[in-house]
Every structure is written in structure tokens, then in C-alpha cells.
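sharing a sequence plus its predicted fold:
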Amino acid sequence: MDQQQNPNSQMKNSNQMPAQQSHSAHEIYDVKEVLGALLGTMEHYKIYEQGIQDQNLKNILTRQHQYMTQMYNTLVDAYQTGQRPPQPTTTYNMELNNDVAYGLSPGQPKQPKNNPQQLSDECYSSYMLGHLKACASGSTMAALEATNPVVRRVLQDSVPNISEMAYEVFLYQNDKGYYQVAQFDEQTQNQLLNGFTHASQQPH
């Protein structure tokens, strides 16, 4: 291969190249995966919107879709230019409180649905949570080794917001009884919680 065309033929520092070229090969692929996951999530949200019955869940979906659109555009700008995007990352604020119901109640075993007419708000909210968990994981992994500092910052700043959206869906599911939260008995919980102690602060 011609050395003029091979970017790996000589060592260069990031300050020796234009911002839009200061990406590693693995960063390009990692961010491509993140953008694809966000794109898929937004498209699936549009599909779910048609079937959701509960207005509260539909409101959550609408707010989250609007936020993800802005987040997606911000990441695309940073990815393509390597520079600070015109629309910075904003903060997503959920509208639910943090009350969690603990305990299990008996129910029917779950099994795959055989046709779309069987899909319920429980199904749609579960799909939403699954998409958001994948986006949060992908963004975290991509941020850990991103070479372009602007892209890295956009990815890092996106993670707590995606986490907030996922937690909002979890709280909705928990409130409806779709996501039940089990607990250990008190003795087991205390034994596990007290299985660690502080490290000693020794001078070097």
C-alpha cells in the first residue's frame, strides 16, 4: 500500500491533524455502534407509540424520543467534525418520583407472544428499558477509549441521561407491577452488607 494513503505508516500526535480526522479506528466503529443503537431505539419508539394504551407511558416515550433526537444529533455533529457541537448535551429530567415498591406477588408465568395483538404496555415498556440499557452500555464502553476528546465528552455526558431515562421506565414498570423487586431476608441482607469494611489508610 502507498505510504501516502496509509495513516498507520507514521506516528502522529492528535495536535498534528485536523479535528475531524483525530479518531482512532476502534472509536469510529464504537461510535457507529452507539449511533446505530440510538437510531434503532428512536425508530422502535415510533413503532411502540402506536400500540401503547397508557397515556403516562406514551408521555414518557414522547419526552424520551425528543431528548434522544437531540442527543443523537449532538453526537453526529461531534463524530463528523471532531469539534464542539453547536447543540451541547443537555440534562434529561424524569417526571416520576423515586418511590420503589418492594415485594413479589404471584402471577402467571411469562411466555412469548404469538401475534402483535397480544402486545401490552408491559411489553412495550420492557422493550423501551431493554433499548435504553443497551444504549447506556454501548455509550459507556465507547467513551472509555475514545481518542477524540469532544466525542469522548459527549459520550460520557450522555450516559447519566440515558441512565435517567432507563430508571424512569423502571419506575413506571415497578409502579404498575410489571417489574417486581425482590429482597433478601433481613439476616441474609445484613450478612452481605457487612461483608466488607474500610481499607486502612497507610502512608506511602
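Thanks, I have the structure now.

element containing the residue nearest to the spatial centre of the chain?
The chain has residue 136 as the residue nearest its centroid, 2.3 Å off, counting by C-alpha atoms, centre = their mean. Using DSSP states H and E, residue 136 falls within helix 121-144.

check residue 41 too.
Using DSSP H and E, residue 41 falls in helix 25-51.

which other helices and strands contact that helix?
Where contact means 3 or more C-beta pairs under 8 Å, 6 or more residues apart in numbering; DSSP states H and E, helix 25-51 is packed against helix 55-81, helix 121-144, helix 149-176. Heads up, the C-betas are built off the backbone N, CA and C, glycines and all.

what's the closest of those helices to residue 88?
Closest of the helices and strands packed on helix 25-51 to residue 88 is helix 55-81, at 6.9 Å (criterion: C-beta to C-beta).

so which bits of that closest one are buried?
Within helix 55-81, the residues scored as buried using 16 or more other C-beta atoms under 10 Å are 57-58, 60-61, 63-65, 67-68, 71-72, 74-79, 81.

then stretch 24-43?
Neighbour-count burial for stretch 24-43 [16+ other C-beta under 10 Å]: 27, 30-31, 34-35, 37-38, 41-42.

what residues does stretch 56-73 touch?
Stretch 56-73 has contacts (C-beta atoms under 8 Å, 6 or more residues apart in numbering) with 35, 38-39, 41-42, 45-46, 48-49, 52, 85, 87, 89-90, 92, 95, 121, 124-125, 128, 132, 158, 161-162, 165, 168-169, 172.

revised request: answer the last question for stretch 90-103.
Counting by C-beta under 8 Å, 6+ apart, 59-60, 63-64, 67, 70, 161, 164-165, 167-168, 171-172, 174-175, 177, 180-183 sit against stretch 90-103.

and these, which of them are buried?
Looks like the contacts of stretch 90-103 have 60, 63-64, 67, 161, 164-165, 168, 171-172, 174 buried, using 16+ other C-beta under 10 Å.

thinking again about what came up before, and the helix holding residue 136, what's its mean pLDDT?
What helix 121-144 shows for mean pLDDT is 97.

so which elements touch that helix?
Counting by 3+ C-beta pairs under 8 Å, 6+ apart, helix 121-144 packs on helix 25-51, helix 55-81, helix 149-176.

format these as JSON lines; extra columns: mean pLDDT and distance to residue 109.
Shown next, in JSON lines, are those (pLDDT from 0 to 100; distance: least, C-beta to C-beta, whole Å):
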{"stretch": "helix 25-51", "mean pLDDT": "94", "distance to residue 109": "23"}
{"stretch": "helix 55-81", "mean pLDDT": "96", "distance to residue 109": "24"}
{"stretch": "helix 149-176", "mean pLDDT": "97", "distance to residue 109": "18"}
